[in-house]
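>>> Have a look; sequence and predicted model below, questions after that.
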Amino acid sequence: MKASFKNVAKTRAFTLLEVLVALLIFSLGAVVLGSAYLNLLNSYVAVGRGTEYLQDIALVRQQLMTQPDLTTAQNGDEFDTLQIDPNKAVAHIKWNAAIESAGTADLFNVTLTCVISTTDISTPTKTVIQNFTLLRPTWSDPTEQTTLRQAAATRIGQMQGTIQQ
């Protein structure tokens, strides 16, 4: 009877090795979950920065579209953003545009170059180049505008068959 009692007592308790293995498994799981959480936080920060850049570029495009003068629009501008959040750095934005006629009256091909830099050393300077077409009658040269409109009217007339080629 004593022998069977000793066997039962041995199987009821955890050995030191079993406890160490359990702690090892738990600590590995905690490290994996902790690193996944940190990656998630870093991705939120990166998405936030991307959204800020998009807002800055949208502001620059709005400034470009409100310029009534072609030369002023080509020379661009530079400005500092407002610091609404004291934890975020102020961005300095400098932009210019290469603007050329698209071959249609009042239509222009625009290459917008925007350089965004911050006072924060850890944030690199970002250069964004966008190409788009813009309808701006105030940028047109009146003589070129008249010539392009007459050429378009001639092409339309030829397609309709009212003007001979």
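Structure received.

>>> Could you use CA atoms for every contact and neighbour count after this?
Will do.

>>> Next, the contact list for W95, please.
With contact taken as C-alpha atoms under 8 Å, 6 or more residues apart in numbering, W95 is in contact with 60, 76-78, 112-115.

>>> repeat for C114
57, 60, 93-96, 127-129.

>>> okay, now S140: neighbour count?
Under the neighbour criterion other C-alpha atoms under 10 Å, S140 is assigned a count of 18.

>>> just G29 next, same as before
G29 - counted by other C-alpha under 10 Å - has 11 other residues nearby.

>>> Now do the same for it: helix, strand or coil?
helix (DSSP: H, G, I helix; E, B strand; the rest coil).

>>> Are any of the contacts of C114 buried, and if so which?
The neighbour-count criterion (16 or more other C-alpha atoms under 10 Å) marks 57, 60, 93-96 among the contacts of C114 as buried.

>>> Tabulate these (a markdown table), appending distance to L148 and secondary structure.
Below are the buried ones among the contacts of C114 laid out as a markdown table (distance: C-alpha to C-alpha, whole Å; DSSP: H, G, I helix; E, B strand; the rest coil):
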| residue | distance to L148 | secondary structure |
| --- | --- | --- |
| I57 | 32 | helix |
| V60 | 29 | helix |
| I93 | 36 | strand |
| K94 | 33 | strand |
| W95 | 30 | strand |
| N96 | 26 | strand |
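
>>> Of these, which is the nearest to I156?
Closest to I156 out of the buried ones among the contacts of C114 is N96 (35.6 Å), distances taken as C-alpha to C-alpha.

>>> Show the contacting residues for the closest residue to the closest one other than its chain neighbours.
Spatial nearest neighbour of N96, excluding adjacent residues (C-alpha to C-alpha, 6 or more residues apart in numbering): G76 at 4.0 Å. Contact analysis of G76 by C-alpha under 8 Å, 6+ apart lists 64, 94-97.

>>> can you check T138 too?
Contacts for T138 (C-alpha under 8 Å, 6+ apart) come out as 68-70, 106.

>>> Counting neighbours, what do you get for A91?
Burial measure for A91: 21 neighbouring residues, criterion other C-alpha under 10 Å.

>>> again with K126
12.

>>> Got phi/psi on it?
phi -120, psi 130 (degrees, to the nearest 10).
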